[in-house]
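Student: Give me coordinates for this.
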Amino acid sequence: MLNSPLLSIIIPAFNEEYRIINSLEIIDKYMGTMLFNWEVLIINDGSTDNTKNIIEEWIMHKHQFKVQTIEHQGKGAAVRYGILNSNSKYQFMCDADLSMPIDKISKFLNKMEEGYQIVIGSRQKTGAKRFNESIMRHILGRLFNFLIKLILVKNIEDTQCGFKCFNSNIAKDLFKLQQINGFAFDVEILFLAQKNNIDIFELPIEWRHNDKSKVRIILDPLLMARDILYIFINNIKNKYPLIKSK
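Tutor: Got it, this is the predicted structure:
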């Protein structure tokens, strides 16, 4: 489509009333300097607070910002909805807390223009910087990633960073196969990409832990471990067909 944006920024949001507007203002200020067409899609994942209302009020005169409310299913479901309902060349998945400086998005786009189909932010690659993360959270994250590399996604140092950029055609094919609605959906998408021999570039980023993170340090790793097993079994049962448009 002639007027389709080059970039869609997709933000899953669940009960983000206290920080979402600040994040949107930062994004608006930075993206307003860009010379290409862009849009921001906020997917309200059935928030039970005032997230929906304050976003709708804020974007009233912001034609490049859109919000869509869906039934609460999880971050993976919200991102999938955004991916499948945008028409840009590139789709950028972005956490609502902006734990990565938004101006780093240009580095993702540069790599996409070089021909990569998927560029993912990495908090582990050489050159990455992490701030304010507890030792326990870091250890649990590394153990989780070790498990992932052992059985599903090879040679990726950080599957869970919330900043990822996709070629739209590839993204739509991958997310149509997605079955995980929770936090482990990243693992499923990257597994499907590797299964289809799609190159993934890990981009080292600066990342700052937010004390209001939605990740529950004990329960969510257990749920993610369950979902990893689910992905493994799905693959054995041939529930992930190869995609056609690579």
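
Student: From residue 201, how far out is the closest residue to residue 134 other than its chain neighbours?
Tutor: Using C-beta to C-beta, 6 or more residues apart in numbering and skipping the chain neighbours, the partner closest in space to residue 134 is residue 209 (7.5 Å). Glycine gets a C-beta too; all of them are placed from N, C-alpha and C. Counting by C-beta to C-beta, to the nearest Å, the separation of residue 209 from residue 201 is 24 Å.

Student: my read: the residue nearest to residue 134 touches residue 133, true?
Tutor: Yes. Contact criterion C-beta atoms under 8 Å: residue 209 and residue 133 qualify, at 4.3 Å.

Student: Could you pull up the residues touching the residue nearest the centre of the chain?
Tutor: Most central in the chain under C-alpha atoms, centre = their mean is residue 93, positioned 3.6 Å from the mean C-alpha point. When contacts are counted by C-beta atoms under 8 Å, 6 or more residues apart in numbering, residue 93 is found next to 10, 12, 79, 82, 83, 162, 163, 164, 165, 166.

Student: cutoff 10 Å now
Tutor: 8-12, 75, 78-79, 82-83, 120-121, 161-166, 171, 186, 189 (C-beta atoms under 10 Å, 6 or more residues apart in numbering).

Student: From those, which land in strands?
Tutor: Secondary structure defined by DSSP state E assigns 8, 9, 10, 11, 12, 120, 121, 164, 165, 166 of these to strands.

Student: Now do the worst-scoring helix or strand of the chain on mean pLDDT: everything it contacts.
Tutor: The helix or strand of the chain with the poorest confidence is helix 135-151; it has a mean of 81 (mean pLDDT, DSSP states H and E). By C-beta under 10 Å, 6+ apart, the list of residues contacting helix 135-151 from outside reads 123-124, 130, 133-134, 153-160, 184, 186-187, 190-191, 209, 213, 215, 217-218, 220-221, 224-225, 228-229, 231-232, 235.
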